[in-house]
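K.L.:
got a predicted structure here, sequence first:
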Amino acid sequence: MLGALERTVSWTILIERGNLGFSAAHFVTIDGVSEPLHGHNFGVRVEVSGELTANAFVFNFITLKDIVRTLCKQWDHCFLLPLNNPHLAIREISEDAWEIRVDARTRYVLPRTTVVALPIDNATTERLAELLARRIAATLEERELGRNLRRLTVGIEETEMQTAFFTLQYPADQPDSPSP
């Protein structure tokens, strides 16, 4: 019985607050209707679980914070454009600008330098959490890190009362799971 329990043991680390986050503008479409353009100081939290490495930790805190800060910096002080939103007419009107038509009365023209085009259908905190989690996982894979990890959860806090979470599970027997 104890042997079966031992196989389910894992440890978890969490990084959050401090300078983990980004300030960005967005809007969300709900049932085809767009809320007004607005911004948030988004908070980010990242939790990883897995077995301990030979160094007796799940993952190096410093490395994880560096990865997350680098990815957050790419979204900081930008407009987050959901390229796959079926309710928006999006086009590049020049080398330097994007045009976003929301409806017959609402049109935004934004300098390319202030826009981050994201491969998502809506700029919700749920989709941002998913995209950031997948980008963290891709970075870990590129760096050949985190093979001992079994779960990666990313939370994006829009306000103190509103946080969305997305979790990636890594099967224990999957050879392509992230490395230590």
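P.N.:
Everything's here; your move. Treat the numbers as computed from the prediction; the structure is a model and nothing was measured. Numbers count the residues shown, from 1 in each chain.
K.L.:
now stretch 127-141: buried residues?
P.N.:
Neighbour-count burial for stretch 127-141, with 16 or more other CB atoms under 10 Å as criterion, is recorded at 127, 128, 129, 130, 131, 132, 133, 135, 136, 137, 139, 140. The C-beta positions use only the backbone N, C-alpha and C, and glycine is treated the same way.
K.L.:
could you export these as TSV, including secondary structure?
P.N.:
Output for these, formatted as TSV (DSSP: H, G, I helix; E, B strand; the rest coil):
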residue	secondary structure
127	helix
128	helix
129	helix
130	helix
131	helix
132	helix
133	helix
135	helix
136	helix
137	helix
139	helix
140	helix
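K.L.:
what's the closest of those to residue 92?
P.N.:
Comparing the buried residues of stretch 127-141 against residue 92 with CB to CB places residue 131 closest, at 20.8 Å.
K.L.:
residue nearest the centroid of the chain?
P.N.:
residue 132 (1.7 Å; CA atoms, centre = their mean).
K.L.:
phi and psi next, for the spatially closest residue to that one that is not a sequence neighbour.
P.N.:
Spatial nearest neighbour of residue 132, excluding adjacent residues (CB to CB, 6 or more residues apart in numbering): residue 154 at 5.0 Å. When read as degrees, to the nearest 10, the backbone of residue 154 gives phi -120, psi 130.
K.L.:
now do the same contact list for residue 154.
P.N.:
Each residue near residue 154 by CB atoms under 8 Å, 6 or more residues apart in numbering is listed here: 44, 45, 46, 47, 129, 130, 132, 133, 136, 165, 166, 167.
K.L.:
find the least confident helix or strand in this protein, judged by mean pLDDT.
P.N.:
helix 2-6 (a mean of 56; mean pLDDT, DSSP states H and E).
K.L.:
state the mean pLDDT of the longest strand anywhere in the chain.
P.N.:
Longest strand of the chain, by residue count under DSSP state E: strand 11-26. Across strand 11-26, the average pLDDT comes to 96.
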